[in-house]
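Trainee: pasting the structure only:
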């Protein structure tokens, strides 16, 4: 780290900081500049104390980090793309993963119709929420275990793999019995206890970026999963919260390029949450595919106008077929094939 | 809700929407304007379907909510200020709650010294983290159960009440054995499973606003606590995430006025997290007190430069004494007395 | 507009609002709901008063807009794509415009080398700043008139059309003598006096979106240009300001789809400003092209490390050649050809 | 500045950067850390090149600034508070400035009634917009010169000093004939040509913070005014743009403390724009006063429901009287007296 001292700090004040840097386990290297002294603290920033606490001294103006805070998630530690094998379906490193299905599992009929429709259109992984995090306690909270039973049935009938969200540490075990991929939603993006539990499940984990999470923090959340022994982590960008009101969120497509530069983990885009409007979903999918995303997570419903959650952002079956057709030229342009 | 149709929607298209509004349980009232038709959907928006799904129809341009989504948290449902009795210490409705202590419990010596110091300065509630949510898995994660033991000891020695954060549903029960107030942190602000579990603990809950949570969403998270049977909820504003980089967060002091207008629950301000800089804490405390906050949550450490977490925003004992002295004229101006 | 009254507003209070709605030129249509009355105000919201002022009445909870605020910029008023003829180079409606050149014009040698290089690679329009808006008064402010002279020379030598920024109403006339397209920068995105002056110049105008401008506000700024008689307006998305610090801005690629849906004006993407990092520019260009952008605005410099402004986001000549090659498959996929 | 090299940069690559640092006018001081080399570039960052351009080298990971970019605006260059004498009315350094009046000047009757009312309540400076920056070209744009004539008349009748906004470089001269303080609005916060022109007018300038302007950028905009010879600059915080929708903007009250710490210039708060709701104005005024603001800028209208602009955030005469009474105890607590 770099400790920036205020202009006109006295020699005594500088010595105090140099001493404290040593106490905290670093080797200090002072540099006396034109107006200010800076101290480089040499050592591994990940394993030593965070020197930002030194701003507690009045003579310290700021502390600047030098090193990346993530290690296992970094491209440097693992130069090749991670390819995740989801019970036989590979995603990452040139293999594209198309995940689609309803926002919420609502009934057997709704789920089965959707599963058959998305499979016919080309999806290999079925999404569907059994446990739903809802902003209001008065909104539909999902079918719970019955939803999981229906998802298992859909897998049996169609062969599609299953991705579904887990909200509670206590549910991880039984959700993992059904799910091939555990989804961690944006509201739980920094719920580290849930991440640790999910890591231990042995199932792949799709980790959504939080609504106001910096990319560094998102990769550090992935680091929790990796550090707790689970190498099968999908990074999922689903839009960040900004001042814009035309869309529900602002989908940060640069995050595809950044995540793939900084990390080896596969990147999935959720355009449904990303904009909150069905009419923009195809365009965002095209952008995501062209920019190198490894997969898409799409909300599809037989009759969006009557959906029990987020109908405004779900596409119907015809819309999903059109979507799949629309992304084909771009998958070819990037040399990716749907699994 | 109000459904706005696109200009030039046909009669048939309008009828389709009118019919769907009825299917979804509302009574539709169409109004034919100069260029567009709007349909008012009459019914209780909290108990009926969310009509935003109607934007799935191409002729629907947008859907506007009319009603407030929170009920139990609203000032209308409970006109008087809620006063929370924390094992004998009242906070709310004119009684000011001063909560102070270290970011993390680090050792018996550190905690006891701090507890005595903040008590001597006037605090009535001791804060201290035993379980710490840290952005990186390589950072200090708290002392856990040993931290709780030390907090219980500090209560026994000083009589201070205890507030401490709970991160995991599984920890709620044993944290509640020690804590007088369970703190829900910003990263778990919409971790509804944890909220439900905390609600059932029987202890008061201090609910922080999420980093990018709208006030409506914050009150709806409080609604989860209230709807699950716990009336003793503190709302805590701790800064929101913006583009500004001078401070760690932007403390939204207007939230004091808004929360007290919209809700009856007591409002606590956390200026330490709110700005992430010890040098701004006193000024923010003064603003919060003047604007009517019911309490403050302050990070205090014997030696901030060596703190194991967030040293940059913790004040030392002299700083805390100065803080308490600085807010006195403003507490008097608003007719509040520290408990 | 829709005026939402508070629950339990009295008949007298409702009548007061109905009367005021009429005074302000609308026909009121009240609807009495389950808990609240709403009043639809029928009339053209663009030419009548803004009823948000009615929230001055204590019985009014909120006022919701129904109609779009832009008219000339809207797709409804002009269903076909606008194609802009820039002195013989067409952009829009299938014709792709590649605009490239240095952030700042620094010298004759720098500009001529760059002009020849970008032309050879396929650009048809040369960008280069003669007047530079700089955050600090101590930074390089551009060569001014000498910069314009060099741009005119580059046009004469290469045949490239010229786009350059105008900062001052007083400069519009002489900048327009040299420029084929006047660029309005993000800092002046809502400097309406400059927009009006630029509109009157007779030259095409490229209007950047402001750093925190909503799409509606961006289209309303375009409406200023159109309403003052200039139909040749490019909309340029250049990144919005968010909490993310990895990139300088967050490029909002959904804005391409939204602007093309809501408006007929051609949309240009500036990925250099959009991320502030040369290493992400190609990826963002690919996304923009795939999503249907009508043009790109790229910063190119012979030696970015020594650029007088924004070297970190400028690509060198080899980088630009690679960029042009990289977007070709995507231009083909969207059936667009570079002019 | 500090140049951070990537891990494993070769000696040759490091030498290349050391050489370039010298070319750009700094003295390089390399420090070889555990995993990475950093280079401190010694020299005045304000007068030398911005080294961020060095990230154009692949071996450079990032460039960190060390020094403050503002000089004349900094508290270091001018330790005492600046007190501005507005034609006999002093503001700053213990003298509080109460500025109030209508959002827009609408008519002689409206302005005169308001001027007398705000004077009677205790204001010393009259605000009123003659030129109005409006988001839509179809909204009321102000009375222009007739508005200025009315403001001059109000000054003559009441003795109040005048603050009014200037939107155009061309208007500065004639607006300055009437105004005692030129107001630069948020949309022009980084319109540097207008700032330079305003600086030269000889009148005091109130500089609003832009909607998404960092505090550093706001102080650098003030630096433009100071560097162009005008020492009489008010900094005005008027709310920043965030994701929150309950209020129009998020008033950043920490900015009072920060601006007063970093700078010697007086700080004025605009709570009307800051929240966009009349019902929150008093509470925000109290917070601002308590935290040390040097003045307030309040929108007051005889009949807000019929105001031609921003009626929702204007208080009426009774509201303004109440506001003035409400802040008295807090002015006393901070030892400030209204001028």
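Mentor: Thanks, I have it. All values derive from a computational prediction rather than experimental measurement. Numbers count the residues shown, from 1 in each chain, chains lettered A, B, ... in the order given.

Trainee: what parts of the stretch 101-250 of chain A come near chain B?
Mentor: A:133-139, A:167-170, A:187-188, A:190-194, A:210-212, A:217, A:220, A:223-224, A:227-228, A:241 (CB under 8 Å from any CB of the partner chain). Using the backbone N, CA and C atoms, a C-beta is placed for each residue, glycine as well.

Trainee: now the buried members of the residues you listed.
Mentor: Among those, those buried by neighbour count (16 or more other CB atoms under 10 Å in any protein chain shown) are A:133-139, A:167-170, A:187-188, A:190-194, A:210-212, A:217, A:220, A:223-224, A:227, A:241.

Trainee: take those residues and keep only those in helices.
Mentor: Taking DSSP state H as the definition of helices, those contribute A:192-194, A:217, A:220, A:223-224, A:227.

Trainee: any chance of a markdown table for these, columns pLDDT?
Mentor: A markdown table is the format used below for these (pLDDT from 0 to 100):
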| residue | pLDDT |
| --- | --- |
| A:192 | 97 |
| A:193 | 97 |
| A:194 | 98 |
| A:217 | 98 |
| A:220 | 97 |
| A:223 | 97 |
| A:224 | 97 |
| A:227 | 96 |
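
Trainee: now for the residues you listed: which two are most distant?
Mentor: Greatest spacing in these, by CB to CB: A:193 and A:217 (16.5 Å).

Trainee: how near is the nearest residue to residue A:232 once chain neighbours are set aside to residue A:236?
Mentor: Closest residue to residue A:232 apart from its sequence neighbours, by CB to CB, 6 or more residues apart in numbering or on different chains: residue A:204 at 3.8 Å. From residue A:204 across to residue A:236, the span is 12 Å (CB to CB, to the nearest Å).

Trainee: higher neighbour count, those two?
Mentor: Counting neighbours by other CB atoms under 10 Å in any protein chain shown for residue A:204 and for residue A:236 shows that residue A:236 has the greater number, 30 against 25.

Trainee: residues in contact with that one?
Mentor: Going by CB atoms under 8 Å, 6 or more residues apart in numbering or on different chains, residue A:236 touches A:183, A:206-209, A:267-270, A:297.

Trainee: swap the cut-off to 10 Å and go again
Mentor: Applying CB atoms under 10 Å, 6 or more residues apart in numbering or on different chains to residue A:236 gives the contacts A:99, A:183-186, A:189, A:205-209, A:218, A:255, A:259, A:266-270, A:273-274, A:293, A:295-297.

Trainee: helices or strands next to the helix or strand hosting residue A:286 in the packing?
Mentor: Element membership of residue A:286, judged by DSSP states H and E, is helix A:281-290. Under the contact definition 3 or more CB pairs under 10 Å, 6 or more residues apart in numbering or on different chains; DSSP states H and E, helix A:281-290 sits against helix A:254-262, strand A:267-269, helix A:271-275, strand A:295-299, helix A:317-333, helix C:254-262, helix C:281-290, helix C:317-333.

Trainee: let's see it at 8 Å
Mentor: strand A:267-269, helix A:271-275, strand A:295-299, helix A:317-333, helix C:254-262, helix C:281-290 (3 or more CB pairs under 8 Å, 6 or more residues apart in numbering or on different chains; DSSP states H and E).

Trainee: possible to save the ones you listed as JSON lines with distance to residue C:55, mean neighbour count and mean pLDDT?
Mentor: Formatted as JSON lines, the helices and strands packed on helix A:281-290 follow (distance: least, CB to CB, whole Å; neighbours: other CB atoms under 10 Å in any protein chain shown; pLDDT from 0 to 100):
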{"stretch": "strand A:267-269", "distance to residue C:55": "39", "mean neighbour count": "27", "mean pLDDT": "98"}
{"stretch": "helix A:271-275", "distance to residue C:55": "30", "mean neighbour count": "28", "mean pLDDT": "95"}
{"stretch": "strand A:295-299", "distance to residue C:55": "36", "mean neighbour count": "27", "mean pLDDT": "98"}
{"stretch": "helix A:317-333", "distance to residue C:55": "39", "mean neighbour count": "18", "mean pLDDT": "97"}
{"stretch": "helix C:254-262", "distance to residue C:55": "27", "mean neighbour count": "23", "mean pLDDT": "97"}
{"stretch": "helix C:281-290", "distance to residue C:55": "40", "mean neighbour count": "26", "mean pLDDT": "98"}
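
Trainee: between these, which one is closest to residue D:61.
Mentor: Of all these, helix C:281-290 sits nearest to residue D:61, with 17.5 Å by CB to CB.

Trainee: what's in contact with that closest one?
Mentor: Here helix C:281-290 makes contact (CB under 8 Å, 6+ apart) with A:253-254, A:256-257, A:286-292, A:330, C:96, C:251, C:253, C:256, C:269, C:271-272, C:274-275, C:296, C:298, C:313, C:315, C:319, C:322-323, C:326-327, C:330-331, C:333-334, C:336.

Trainee: now with 7 Å, please.
Mentor: Under the criterion CB atoms under 7 Å, 6 or more residues apart in numbering or on different chains, residues A:253-254, A:257, A:286-287, A:290-292, A:330, C:251, C:253, C:256, C:269, C:271-272, C:274-275, C:296, C:298, C:315, C:322-323, C:326-327, C:330-331, C:333-334 lie in contact with helix C:281-290.

Trainee: over to stretch A:197-213?
Mentor: A:84, A:86, A:163, A:166, A:169, A:172, A:176, A:179-186, A:189-190, A:218, A:221-222, A:224-225, A:228-230, A:232-238, A:240-241, A:268, B:211-212, B:241, C:243.

Trainee: mind running it again at 6 Å?
Mentor: Outside stretch A:197-213, the residues that touch it by CB atoms under 6 Å, 6 or more residues apart in numbering or on different chains are A:84, A:86, A:169, A:172, A:176, A:181-186, A:189-190, A:218, A:222, A:225, A:228, A:230, A:232-234, A:236-238, A:241, B:211-212, B:241, C:243.
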